[in-house]
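Participant: need coordinates for the below:
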Amino acid sequence: MTDGDESDAGDGNVGRDDPLYPNRGGRRGGRAVSRRRLLAGSATAGAALTAGCSGGSGGDGSGDGGGTATPTATATADSVAVDAVFVFNTGDGTVSVIDPATDSLVGTRHLDLTSSFPSNQYTPGLAKDPGDPLWCNVGRGVRALTAGGLRQVASQETGSGANWQEVTPDGAHLVVSARDGSHTQFRIDADPDSESFGEITGEIDRTGEGGRGDNDGPGPCDVTIHPDGEYAYVPDLYGDTLTVIDVEAFEIETQIAVDPVAADADGAAAPWMGTVAPDGDRLLVEHNEGAAGTESVWDTSDPAAPVELTRLTSEDDLGRRPLTSEVGPDSDTGYVFTPGSNDVTVVDIPGERVTRRIDLGGSAYAGTWDPAHAKLYVPVRSSDEVAVIDHGAGEVTARIDVGARPYGATAARVRPAVDGERSAMSSLAAMGVDVSPAETSYCIGECACGHRLDEA
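Facilitator: Model (predicted):
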């Protein structure tokens, strides 16, 4: 898609189905070369090319052919044992690495893939060593990249073009929701020290449940895992249900019907994303309900039996089209990404009310906490930057320029080293030059990622 062909999730006239299939029936192609990017990036590309190639590959995954960052950094084969935030730029197939200590860009590495919803609930605290995995949703499944080198170490196809995944708190399992075309839950061995690492260890085929209208299944969409690791919660977009999965047995523990509340919902509550709080007592669920969307708060103090407490709507000052959410370290504050109104809606979870909205100046669909769980990093897709929300301050305290069309983000306690040759590739990609094929990732509400769900 060229820049002019991209959909606008901030358009108040977007229908409920439009964000699900942003590319359906559209034209597929690469990004047009932007003259602004070409002029701004030519000096960087030249410097990167003259920097030459250094660095190496190690058996720990800390250095490899995956490429890396800025030409001014020192090239080394070793990864760095410091906190890092990874932002996937779906517009140019790169990943930007941010130092959360200084809120500055370390560098941008070109990849052969991109990810719109990487696993980020527990990954920031689990990925401590260079070989520890970052799990990403890609093309037709999920993949694991090493945190210290961004080298692929595991891959599984799911039969779906729309996938979400989350790691259990102990890092033992990856639970996957594969939506259209599959309607299946997968459990994958996520322990890099296990002999069966990356292999499917459990599967639940949910097509028999059916789905609203002509959908061939309930549409499991997103997954969040209770901090005790025992249960996973899956909002079912087409089933209008919240499904609770016993992770060890890998079977459905219970399923709760979710009723619509919006006057224009047409009978569809459409729960599609969710985040359980760090203390495990509350769960936020986003709904693609009606024209504006809604947000529900659930009691999960009994993890196997969630109870809906309230549903927030635009009348409660909820922003438009809530898509995903994150919960603060106190478990009392919810941050709901509402790209339809270009902001983040802040929710008082115990009070079950909206307290304010943080203007982002553009559309954002997801975000991640740094490993310290102190700052929320929000890729602002429409302005090619990351807004940093300081939880203590309750406001945006920094903005960081990254690659084209940032979408998904995660974090780790280790970051990759630098490689000069790939810095040149990253610079060319940032200017809009198609330097190598990059796999696409399913992006809700935007078509810049290039993914076509109907061709999955």
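Participant: and for Leu242, nearest residue in space, chain neighbours not counted?
Facilitator: Ile256 (4.7 Å; C-beta to C-beta, 6 or more residues apart in numbering). Just so you know, the C-beta spots here come from the backbone N, C-alpha and C atoms, and that holds for glycine as well.
Participant: and the one you found, how many residues sit next to it?
Facilitator: For Ile256, the neighbour count with other C-beta atoms under 10 Å is 17.
Participant: could I get the phi/psi values of the residue nearest to Ala172 when sequence neighbours are not counted?
Facilitator: Leaving aside its sequence neighbours, Ala172 sits nearest to Asp191 (C-beta to C-beta, 6+ apart; 5.3 Å). With angles defined as degrees, to the nearest 10, Asp191 sits at phi -80, psi 110.
Participant: next helix or strand past the worst-scoring helix or strand of the chain on mean pLDDT?
Facilitator: Here the helix or strand of the chain ranked lowest by mean pLDDT, DSSP states H and E is helix 35-51, holding a mean of 43. Next along the chain after helix 35-51, taking DSSP states H and E as the criterion, comes strand 84-89.
Participant: where does this structure dip in pLDDT?
Facilitator: 1-78, 418-438, 446-456 (pLDDT under 70).
Participant: just give me the residue right at the centre of the chain.
Facilitator: Phe117 (2.2 Å; C-alpha atoms, centre = their mean).
Participant: next up, the contacts around it.
Facilitator: By C-beta atoms under 8 Å, 6 or more residues apart in numbering, the contact set of Phe117 is 137, 163-165, 222, 324, 366, 408, 441.
Participant: okay, now stretch 364-375: how far is its last residue from its first?
Facilitator: End-to-end distance for stretch 364-375: 16 Å, by C-alpha to C-alpha, to the nearest Å.
Participant: is the residue nearest to Asp359 when sequence neighbours are not counted in a bridge, and if so with what?
Facilitator: If the residues on either side of it in the chain are set aside, Asp359 comes closest to Asp343, at 5.2 Å by C-beta to C-beta, 6+ apart. Beta-bridge partners for Asp343, by DSSP bridges, are Thr338, Asp359.
Participant: quick one: neighbours of Asp343, just the number.
Facilitator: Residues near Asp343, counting by other C-beta under 10 Å: 21.
Participant: go on, Asp281?
Facilitator: Neighbours of Asp281 under the rule other C-beta under 10 Å: 18.
Participant: again with Ser363
Facilitator: 24.
Participant: wait, a strand at it?
Facilitator: No - looking at Ser363 with DSSP: H, G, I helix; E, B strand; the rest coil, it is coil, so not inside a strand.
Participant: contacting residues for the closest residue in space to it that isn't next to it in sequence?
Facilitator: Leaving out its chain neighbours, the residue that sits closest to Ser363 by C-beta to C-beta, 6+ apart is Pro339, at 3.9 Å. Pro339 makes contacts with 9-10, 320-321, 323, 363-365, 381, 445, as judged by C-beta under 8 Å, 6+ apart.
Participant: tell me the contacts of Lys375?
Facilitator: Contacts of Lys375 by C-beta under 8 Å, 6+ apart are 100, 103, 369, 388-391, 397.
Participant: distance-wise, check the nearest residue to Ala412 once chain neighbours are set aside relative to Val142.
Facilitator: Nearest non-adjacent residue to Ala412, counting by C-beta to C-beta, 6+ apart: Ala127, 3.6 Å away. As for Ala127, its distance to Val142 is 16 Å (criterion: C-beta to C-beta, to the nearest Å).
Participant: can you check Ala101 too?
Facilitator: For Ala101, the distance to Val142 equals 30 Å [C-beta to C-beta].
Participant: neighbour count winner among the two?
Facilitator: Neighbour count, other C-beta under 10 Å: between Ala101 and Val142, Val142 has more, with 26 against 11.
Participant: hmm, the residue nearest to Leu242 is touching Thr241, no?
Facilitator: Yes - assessed by C-beta atoms under 8 Å, Ile256 is found in contact with Thr241 at 6.3 Å.
Participant: how near is Asn342 to Arg357?
Facilitator: 10 Å.
Participant: quick one: which of those two has more around it?
Facilitator: Asn342 (20 against 17).
Participant: that one: what's it in contact with?
Facilitator: So Asn342 contacts 10, 359-364, 382 (C-beta under 8 Å, 6+ apart).
Participant: if we go to 7 Å?
Facilitator: 10, 359-363 (C-beta atoms under 7 Å, 6 or more residues apart in numbering).
Participant: tell me the one of those nearest Leu237?
Facilitator: Nearest to Leu237, judged by C-beta to C-beta, of the contacts of Asn342 is Ser363 at 20.5 Å.
Participant: could I get the full set of strands for the stretch 101-250 of the chain?
Facilitator: With DSSP state E, counting those that start in this stretch as the criterion, the stretch 101-250 of the chain has strands at 104-110, 133-138, 141-146, 152-157, 163-167, 173-178, 184-189, 200-205, 224-225, 231-236, 241-246.
Participant: so which of the ones you listed is nearest Gly328?
Facilitator: Gly328 lies closest to strand 224-225 among the strands of the stretch 101-250 of the chain, at 15.1 Å (C-beta to C-beta).
Participant: helices or strands up against that closest one?
Facilitator: Helices and strands touching strand 224-225, by 3 or more C-beta pairs under 7 Å, 6 or more residues apart in numbering; DSSP states H and E, are strand 271-276.
Participant: centre of the chain to the strand it packs on, how far?
Facilitator: Centroid separation between strand 271-276 and its chain, computed with C-alpha atoms, centre = their mean, to the nearest Å, is 13 Å.
Participant: same check on stretch 287-306?
Facilitator: A distance of 19 Å separates the centroid of the chain from that of stretch 287-306, by C-alpha atoms, centre = their mean.
Participant: follow-up on the earlier one: out of the contacts of Lys375, which is nearest to Tyr335?
Facilitator: Using C-beta to C-beta, the contacts of Lys375 come closest to Tyr335 at Ile389, 6.9 Å.
Participant: so how many other residues sit close to the closest one?
Facilitator: Per other C-beta under 10 Å, the neighbour tally for Ile389 reads 23.
Participant: can I assume it is in contact with Val378?
Facilitator: Yes - using C-beta atoms under 7 Å, Ile389 is in contact with Val378, at 6.3 Å.
Participant: what is in contact with these two at once?
Facilitator: Shared contacts of Ile389 and Val378, defined by C-beta under 7 Å, 6+ apart, comprise Val344.
Participant: fine by me, thanks again.
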